[in-house]
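Undergrad: pasting the sequence and the predicted coordinates here, then a few questions.
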Amino acid sequence: MSDKAELIVEGKKLAVSNLNKVLYPKAGFTKGQVIDYYIRIAPVLLEHLKDRPLTMKRYPNGVDQPFFYEKNCPAHRPSWVKTAKVWSEGNQRHMHYCLAQDLPTLVWAANLADIELHTSLARKKDVARPTMMVFDLDPGAPADIIQCCQVGLWLRDLLAGMKLKSWAKTSGSKGLQIYVPLNTAVTFDQTKDLSRALAEHLSRAHPKLVVSKMAKALRTGKVFVDWSQNDEHKTTVNVYSLRAKEQPTVSTPVTWPEVESTLKKKNAKLLVFPSDRVLQRVEKMGDLFAPVEILKQKMPKKWDL
């Protein structure tokens, strides 16, 4: 493969470079392969990126080298890259986030070594209203994704008792993430209050396995149920995003039967999905996360935990 190329993507010219540069040294996975993955996964990925302010996590010299987050969309972006104007409390100014609305923008971002795609839980038209509630289940060693599966199933059942359906995906790293589609008029205060109440309930009901407080000293051998992601000023890794780990693993939607099977078999490898396997899954199973963008569910007005 040539180290440089000019691609015509949906009628737009894109210069891509350093295609042979290895971004995952232990896997020998190159920047060209990162771009190729994002092109091939785009039919399912773009629907989840659309209209969501994007924070780019860039690894210009590979996953084992320093990275940086880029919230403001680069000034040298092509004229057709759309942006969203969002007020930043921390910076006390408006930020102009990139919007990955189409394949050319996705390829452009991948060419910048934007390996990880982190997005808001809200859309640009109303950044104060989340479309979903999220729980990030983060295991503290020696706990791993197997223990996350158990906590995820407890959480699924609690949510079901509130008449809320939920979907699971791997973080692409070591944990599991539970998404509750809402797509109705809710606020971050509401989703944060409920997610915190559920996390604290689980920590009381299962104190040997679950912790709801952020202190790392509390997490050894336990699963931290991170409810704090339900915040206007935070982002979560997008479904189908690559992760900057030793291997090019992906944040991958999984079925509840897969979660149950992993727990039963106690085999963490069942929920590790490299990029090539994810593409095969999507071809076979479609977009398991599609309902998260469209299913309308109402938050319970009261709850008793």
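TA: Arrived safely, thanks for sending.
Undergrad: return the residues in contact with Gln177.
TA: Val134, Phe135, Asp136, Leu137, Ala168, Lys169, Thr170, Ser171, Thr236, Ser251 (C-beta atoms under 8 Å, 6 or more residues apart in numbering). (Each C-beta comes from the backbone N, C-alpha and C, glycine too.)
Undergrad: return the subset of those residues lying in helices.
TA: Using DSSP state H, no member of the contacts of Gln177 falls in helices.
Undergrad: bridge partners for Met133, pull those for me.
TA: Met133 has the following beta-bridge partners by DSSP bridges: Val180.
Undergrad: hang on, it packs against Asn183?
TA: No - counting by C-beta atoms under 8 Å, Met133 stays clear of Asn183, with 11.0 Å between them.
Undergrad: who's more crowded, those two?
TA: A direct count of neighbours by other C-beta atoms under 10 Å for Met133 and Asn183 places Met133 higher, at 27 against 17.
Undergrad: tell me how far that one lies from Leu242.
TA: Distance, Met133 to Leu242, using C-beta to C-beta, to the nearest Å: 25 Å.
Undergrad: just to revisit the earlier point, in strands only, show me the contacts of Gln177.
TA: Judged by DSSP state E, the contacts of Gln177 include Val134, Phe135, Asp136, Leu137, Ala168, Lys169, Thr170, Thr236 as members of strands.
Undergrad: for the third one, which non-adjacent residue is closest in space?
TA: The shortest distance from Asp136 to any residue that is not its chain neighbour, by C-beta to C-beta, 6 or more residues apart in numbering, is 4.0 Å, and that residue is Asp226.
Undergrad: so who does the one you found touch?
TA: Phe135, Asp136, Leu137, Asp138, Ala199, Met214.
Undergrad: surely the fourth one and Gly175 touch.
TA: Yes - contact criterion C-beta under 8 Å: Asp138 and Gly175 qualify, at 4.7 Å.
Undergrad: could you name every residue contacting both of these two?
TA: Contacts common to Asp138 and Gly175, judged by C-beta under 8 Å, 6+ apart, are Cys148, Val223.
Undergrad: picking up where we left off before, make JSON lines out of the contacts of Asp226 and add neighbour count.
TA: Formatted as JSON lines, those follow (neighbours: other C-beta atoms under 10 Å):
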{"residue": "Phe135", "neighbour count": "25"}
{"residue": "Asp136", "neighbour count": "20"}
{"residue": "Leu137", "neighbour count": "27"}
{"residue": "Asp138", "neighbour count": "22"}
{"residue": "Ala199", "neighbour count": "23"}
{"residue": "Met214", "neighbour count": "12"}
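Undergrad: what ranges do the strands span in the stretch 101-250 of the chain?
TA: Shown for the stretch 101-250 of the chain, the strands assigned by DSSP state E, counting those that start in this stretch span residues 114-119, 132-139, 167-170, 176-181, 210-211, 223-226, 236-237.
Undergrad: which one of these lies nearest to Pro104?
TA: strand 114-119 (13.9 Å; C-beta to C-beta).
Undergrad: which residues of the protein score low on pLDDT?
TA: By pLDDT under 70, the weakly predicted segments of the chain are 1.
Undergrad: ok, now with 90
TA: For the chain, residues meeting the criterion pLDDT under 90 lie at 1-4, 87-92, 214-219, 301-305.
Undergrad: quickly list the domain ranges of it.
TA: Structural domains assigned to the chain are 7-126, 132-294, following automatic domain parsing.
Undergrad: to Lys302, which of those domains lies closest?
TA: Nearest to Lys302, of the domains of the chain and by C-beta to C-beta, is domain 132-294 at 10.0 Å.
Undergrad: next, the contact list for Trp108, please.
TA: So Trp108 contacts Leu14, Arg77, Pro78, Val81 (C-beta under 8 Å, 6+ apart).
Undergrad: ok, now with 7 Å
TA: Contacts for Trp108 (C-beta atoms under 7 Å, 6 or more residues apart in numbering) come out as Leu14, Pro78, Val81.
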